[in-house]
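*Asks:* show me how the following folds:
(4 chains)
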Number of protein chains: 2
Amino acid sequence: MELMTETHRRPGPRIEEVARLAGVSKSTVSRVVNGEQYVSAKSRAAVAAAITHLRYSPNQAARSLAGSKANAVALIVSEQGSRVLSDPFFAGVLRGVHAELSGRHVQLLLMLSRPEDHDDLIAYLAGGHVDGALLVSLHGDDPLPHRLQEIGLPVVAGGRPLSTPSIPYVDSDNFTGGLDAVRHLVSLGRTKIATVAGPRDMAVGQDRLSGWRRGLSEARLPADLVAEADFTPESGARAMSELLDRTPDIDAVFAAADIIALGALQVLQARGRRVPEDVAVVGFDDSLLASTATPPLTTVRQDVEQLGRTMTWRLLGELAGDDGLPPSLLLPTALVRRASA
Amino acid sequence: MELMTETHRRPGPRIEEVARLAGVSKSTVSRVVNGEQYVSAKSRAAVAAAITHLRYSPNQAARSLAGSKANAVALIVSEQGSRVLSDPFFAGVLRGVHAELSGRHVQLLLMLSRPEDHDDLIAYLAGGHVDGALLVSLHGDDPLPHRLQEIGLPVVAGGRPLSTPSIPYVDSDNFTGGLDAVRHLVSLGRTKIATVAGPRDMAVGQDRLSGWRRGLSEARLPADLVAEADFTPESGARAMSELLDRTPDIDAVFAAADIIALGALQVLQARGRRVPEDVAVVGFDDSLLASTATPPLTTVRQDVEQLGRTMTWRLLGELAGDDGLPPSLLLPTALVRRASA
DNA sequence: TAGGGCCGTGAGAGCGCTATCTCGGTGGTG
DNA sequence: CACCACCGAGATAGCGCTCTCACGGCCCTA
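*Replies:* Residues are numbered from 1 along each chain as shown, chains lettered A, B, ... in the order given. Have a look, this model is predicted:
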């Protein structure tokens, strides 16, 4: 009797059984499950009761197959290293995305992809396994957004993508953030205001730098004290050293990120500068690092969780067929005053 | 002409087309795609060529439906707040999980669940939408691991689950870590060694505390200087204050996490204690916070990425039907000496 | 030379849903 | 009173794949 094969059946009831218990057809159950109209209150209640009683949970695979939609979106992190994941920025976005998704029966697939894996990624996404994609941490030359657009997958980027301006994105208002930081420094009477900028191949680096420039030009101060760092304390320290070597009498620094500011802070203290008396320091992000630094860091707050929520809202809107959605959105930033400036 | 409905067809070729191009049947293409035996080298090559040429990517939904397996695992974060996501611990685990999964055609579903959402979660998972689950950040009384076990879903926990000892888990050797921290403090000649312990309803809190106790008992020192905190600098600061109020002449503190140590450090400095001269401080985790603290923190390093990898390895092993897998695994920790002790 | 494995392959039956078509009943309109 | 729009419901055809089964050819053994 080879009928006795171990049938490894998936557990749980089928839609069929729910229909039988509720005394209606599969179609009606499907309508109820999908919240469609044209179902009598009576049927609706009967189905709901049956679902609860049987603990029915519709099979996503079957649903996707029949319905030509995946009920899932991908959060794609495109980065050479996987450093990003430790970044509070990423954590915040993730939290926001999840918050916005929760209760909507849309699954979140997390995909990291290094540039050399992009082909696989594209193939997978082109297969219709997700309905849309959220993109974060884009370096400027990353061809990924463009390629996603090519295969017709709805995409929203977190942070302005340098390479593909046509893609919808949500970003913090980094320019105004940088501008506000400098205005604050100017209001403190500082005149030799340097910056440790972020990577120039990322919009976030460019925009905060532009804000700094604008602030200095407003105050008719020279904008020549620039060093570049990536988002590590080490590179922040290195950049600060350069700046100090070049111009020892700097009296303020705008760091493009708290984590950069931290490295700068260490160098400043090691070189005998008092913060904020000799050199005022402003960071960016208002991460945990800012409040626990010594001295606590004045910084520009960005609400990354809100950024995640907004990206998701935008994507789901597009998937629902809303038009009139803004192509892109800028989220406000705010200066948080602490001891360092 | 309502035939003109927007047919929203999924893009890409079907298995059928690959078969036609390769001159074989669907069955053979399926065999090649799934790496089965009993396919001639010739057919295999023809199919591979066709796949490449057509950029074929099999439809996961159809695969899951026909094959009764989801080709996906869930990473479940069970927590009241969504604070966890910002935790470097979580980020590290995530990175490890992803690394171990990559190239295996297994998708990662990220699911956060507050206790009040557990019913939904269970229903979803019972539906066979994932093949297994990875669990992190469990408070002791969390019924989730038990319930997952009930529905027969293969599960591996990250961190020892207090409530369900029978569940396979992977954890850092927190006990030995705590022990090593104290031994180091003792070797420095400290005798009034306090601890700011982690939450007592989490294994990680209990185990590090036990290690501290053992260390003191080895050195025949009293183990009565205990305060408890959760994983925030604020609670660390509060706990440190209590400790100092109770016993002003403390000369060393073992904090159950770097983030707790940070709060302790601030209180210590505010109260005029020099670190490490008056009070030596040891943290746990070796997070970024440890190296950027003032002074840089001596701490116990745990390799959370490795933890994520190991959890995943264990789960995939179980899914592949390996037996002889160790039920649980402990990963080594290591003391990292810096300035604070 | 006949029999039995084993390899390589194809045909075809579902997997559990959703989408579409169909149809009877109801109530408002000319 | 006939007509028709519309609501509520059921029947059924796939969605794209995997899995089981069947079958022919080959090699090895008796």
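
*Asks:* alpha carbons only for contacts and neighbour counts from here, please
*Replies:* Noted.

*Asks:* endpoint to endpoint, stretch A:53-72 covers what distance?
*Replies:* Stretch A:53-72 has an end-to-end distance of 27 Å (CA to CA, to the nearest Å).

*Asks:* is that stretch anywhere near DNA strand D?
*Replies:* Yes: shown here: stretch A:53-72 in contact with DNA strand D (CA under 7 Å from any atom of the strand) through A:62, A:65, A:66, A:67.

*Asks:* near DNA strand C at all, that stretch?
*Replies:* Yes: counting by CA under 7 Å from any atom of the strand, DNA strand C is contacted by stretch A:53-72 at A:57, A:58, A:59, A:60, A:62, A:63, A:64, A:65, A:66, A:67, A:68.

*Asks:* for that stretch, which positions count as buried?
*Replies:* By neighbour count with 16 or more other CA atoms under 10 Å in any protein chain shown, stretch A:53-72 contains the buried residues A:55-65, A:68-72.

*Asks:* same check, this time on stretch A:285-305
*Replies:* A:285-287, A:289-305.

*Asks:* again, but for stretch A:334-341
*Replies:* Buried residues in stretch A:334-341 (16+ other CA under 10 Å): A:334, A:335, A:336, A:339, A:340, A:341.

*Asks:* quick one: mean pLDDT for that stretch?
*Replies:* The average pLDDT within stretch A:334-341 is 96.

*Asks:* measure that stretch end to end?
*Replies:* 15 Å.

*Asks:* got a list of contacts for it?
*Replies:* For stretch A:334-341, the surrounding residues in contact (CA atoms under 8 Å, 6 or more residues apart in numbering or on different chains) are A:177, A:180-181, A:185, A:188, A:275-276, A:280-282, A:286, A:295-302.

*Asks:* now do the domain split for chain A, please.
*Replies:* Per automatic domain parsing, the structural domains of chain A span A:10-58, A:72-172+A:305-330, A:174-303.

*Asks:* save those as TSV, and put in distance to residue B:170 and mean pLDDT too.
*Replies:* Compiled in TSV, the domains of chain A are given as follows (distance: least, CA to CA, whole Å; pLDDT from 0 to 100):
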stretch	distance to residue B:170	mean pLDDT
domain A:10-58	28	90
domain A:72-172+A:305-330	21	85
domain A:174-303	28	95
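
*Asks:* point out the most buried one among those domains.
*Replies:* When you average the neighbours per residue for each of these (mean count of other CA atoms under 10 Å in any protein chain shown), domain A:174-303 leads with a mean of 21.

*Asks:* and it with chain B, contact?
*Replies:* Yes: applying CA under 8 Å from any CA of the partner chain, one finds domain A:174-303 touching chain B at A:233, A:262, A:263, A:289, A:292, A:293, A:294.

*Asks:* check contacts around the spatially closest residue to the fifth one that is not a sequence neighbour.
*Replies:* Spatial nearest neighbour of residue A:292, excluding adjacent residues (CA to CA, 6 or more residues apart in numbering or on different chains): residue B:262 at 7.2 Å. When the contact criterion is CA under 8 Å, 6+ apart, the partners of residue B:262 are A:292, B:233, B:236, B:237, B:289, B:293.

*Asks:* how close does the first one sit to residue A:186?
*Replies:* Translated: residue A:292. Taken as CA to CA, the span from residue A:292 to residue A:186 is 25 Å.

*Asks:* nothing else from me, thank you.
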